[in-house]
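Peer 1: output the structure for:
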Amino acid sequence: MSNQFLLGSSKANCVLKEFVRHASKKTGGSTQNTSTKVKPKHRGWKVQDGHYVQAGHMLATQRTTRFHPGLNVGFGVNGTLFAMEAGKVIITCEKFDPNWEHTWVQRMYAGREQQKIFKKYFNVIPEPQHQRFRLIDEI
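Peer 2: Next up, the predicted model:
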């Protein structure tokens, strides 16, 4: 709201002056990366090499196929690797021999036909079962 004051003493020399009040602080702008819509996905290894896992335990989450399933490891619909049996996790780097006639392989590995390609494989080695059974009767 504006305030008006009359300056000067005589009516003929009357000057009308208007004072406008401005904000003393700037308005609060948004800062970067504070949106609640962007949440971290926490992809990657969930279990390190040498750890013991139970059946169904998640080993790795991924968007593209970076890690591959090995022995006793399942591959989920969204690329998740999970243990199919209880045991010790072993991560190996093995030679990958793709089918070069496949169009997807030609597109992904173009120019690498003469090179050795290695991939990381997750394996679960099951614990040995106890040997407490004995033969009672033979049929």
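Peer 1: all helices of this structure, in order?
Peer 2: In the chain, the helices defined using DSSP state H lie at 103-108.
Peer 1: just the strands in it please.
Peer 2: 3-7, 15-19, 44-45, 52-53, 58-61, 67-69, 73-75, 81-83, 87-96, 117-126 (DSSP state E).
Peer 1: show me what the fourth one is packed against.
Peer 2: The criterion is 3 or more CB pairs under 8 Å, 6 or more residues apart in numbering; DSSP states H and E, and the helices and strands that strand 52-53 contacts are strand 87-96. (C-beta placed from N, C-alpha, C; glycine too.)
Peer 1: hmm, who's touching the strand it packs on?
Peer 2: Residues from elsewhere that reach strand 87-96 (CB atoms under 8 Å, 6 or more residues apart in numbering): 47-53, 59, 70, 72, 83, 116-127.
Peer 1: and for the residue most central in space within the chain, nearest residue in space, chain neighbours not counted?
Peer 2: Note on the chain: the residue nearest the mean C-alpha position is R43, at 3.0 Å, using CA atoms, centre = their mean. Spatial nearest neighbour of R43, chain neighbours left out: T61 (4.7 Å); criterion: CB to CB, 6 or more residues apart in numbering.
Peer 1: go ahead and confirm the one you found touches F67.
Peer 2: No. Counting by CB atoms under 8 Å, F67 is not a contact partner of T61; they are 9.4 Å apart.
Peer 1: shared neighbours, the two?
Peer 2: In contact with both T61 and F67: L81, using CB under 8 Å, 6+ apart.
Peer 1: of those two, who's got more company?
Peer 2: F67 (22 against 18; other CB atoms under 10 Å).
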